[in-house]
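>>> Based on what follows, work out the 3D shape:
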Amino acid sequence: MGSAANAAHREPWNKGKIVVQKAPFKLKDIWALRVRLQMENRVRELALFNLGIDSKLRGCDLVSLKVRDVRHGDQVASRAMVMQHKTQRPVQFEITSGTRDALHKWIKLAGLKSDDFLFPSRMHDSPHLGTRQYARILEGWVQELGLDPADYGTHSMRRTKATLIYRRTKNLRAVQLLLGHSKLESTVRYLGIEVDDALEISEQTEI
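Numbers count the residues shown, from 1 in each chain. So this is what the prediction gives:
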C-alpha cells in the first residue's frame, strides 16, 4: 500500500527542469569531423559517423545493423531498409557515395561477413556496439569539435540530415517518411518547428 502511494506521488524525473532536444550538427562540423577521421585513418569511426548521418536511425537501430543490411554481394547498396525496434515499422534510407566508400573500407579492414554485425563490440559481453558505447564515441567527437557535450547526443545524428532536408525543402511529409514516424505531428515536434517556420512557409505561398 505504502509503495503504491509513494509511486503515485513520485515526481517525474524532469519536473522543474528544462528538457531540450539535442542539437543537430552543422555542415561545417560534419565536414570538419570527416576530414579529421579520414586524416587519422579512423576507419571504423568514419563509417559509423557517415552511416549515422545518412540513415537517420535511432542509436539502437544503427548499432544493431548487420553487414547484409547494407551490402549485397560485394557491393555496398545505395539504399537500405530496416525494421525499427521502437515502432516495428520498416524505414528506408539512402547510402551516399562517401558513406559507401567508408563502409566498404571498414568491412574489408574488419574482415566482416554477411551475417556479422556491422559494428561489432569490443566488449566481450555484447555482440555489437552498444548504445552507451555509441554515445561515448559521439561525445568524443563533440569534444574534438570544441562543442558542448551537453548540447549533443545520439539523437543529434538522427536529427542532422532530417533538419537539413526540412530547412531546404520545407517538405514535412518527406522528412516524416525518412524518419519512419507514423504521425506528422511527431515529425513537427521532433524537428522543433516553430510558428515562425509555419508563417515563413505561408508567406511563400501565394493564392
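>>> Which SSE is immediately downstream of the longest helix seen in the chain?
When the chain is parsed with DSSP state H, its longest helix is helix 154-169. Moving toward the C-terminus from helix 154-169, the first helix or strand encountered (DSSP states H and E) is helix 172-179.
>>> the inter-axis angle of that following helix versus helix 154-169?
Per axes from the mean of the first three to the mean of the last three C-alpha atoms, to 10 degrees, the angle that helix 172-179 makes with helix 154-169 is 150 degrees.
>>> Any chance you could list what contacts helix 172-179?
The list of residues contacting helix 172-179 from outside it, by C-beta atoms under 8 Å, 6 or more residues apart in numbering, reads 56, 91-93, 158, 161-162, 165-166, 184, 186-188, 190-191, 193. In short, each C-beta sits where N, CA and C put it, glycine included.
>>> Could you tell me how many residues sit around residue 35?
Residue 35 has 10 neighbours, counted by other C-beta atoms under 10 Å.
>>> swap that for residue 76, sorry
Using other C-beta under 10 Å as the criterion, residue 76 is surrounded by 23 other residues.
>>> Stretch 34-44: end-to-end distance?
Terminal residues of stretch 34-44 are spaced 12 Å apart (C-alpha to C-alpha, to the nearest Å).
>>> pLDDT below threshold where in this protein?
1-20, 124, 193-207 (pLDDT under 70).
>>> the helices in it, which residues?
All helices of the chain, identified by DSSP H, fall at 2-9, 27-39, 43-55, 59-63, 67-70, 97-110, 131-144, 154-169, 172-179, 184-191, 195-203.
>>> What residues of the fourth one count as buried?
Residues of helix 59-63 classed as buried: 59, 61-63 (neighbour count, 16 or more other C-beta atoms under 10 Å).
>>> Repeat that for the longest one.
By neighbour count, and taking 16+ other C-beta under 10 Å as the criterion, the buried residues in helix 154-169 are 154-166.
>>> who touches that helix?
Contacting residues not belonging to helix 154-169 are listed as 21-25, 27, 30, 49, 52-54, 56-59, 62, 131, 134-135, 138, 171-172, 174-175, 178-179, 190-191, 193 [C-beta under 8 Å, 6+ apart].
>>> Could you give the separation of it from the chain centroid?
Centroid separation between helix 154-169 and its chain, computed with C-alpha atoms, centre = their mean, to the nearest Å, is 9 Å.
>>> same deal with the third one?
The gap between the average C-alpha position of helix 43-55 and the chain average comes to 10 Å, counting by C-alpha atoms, centre = their mean.
>>> All set, thanks.
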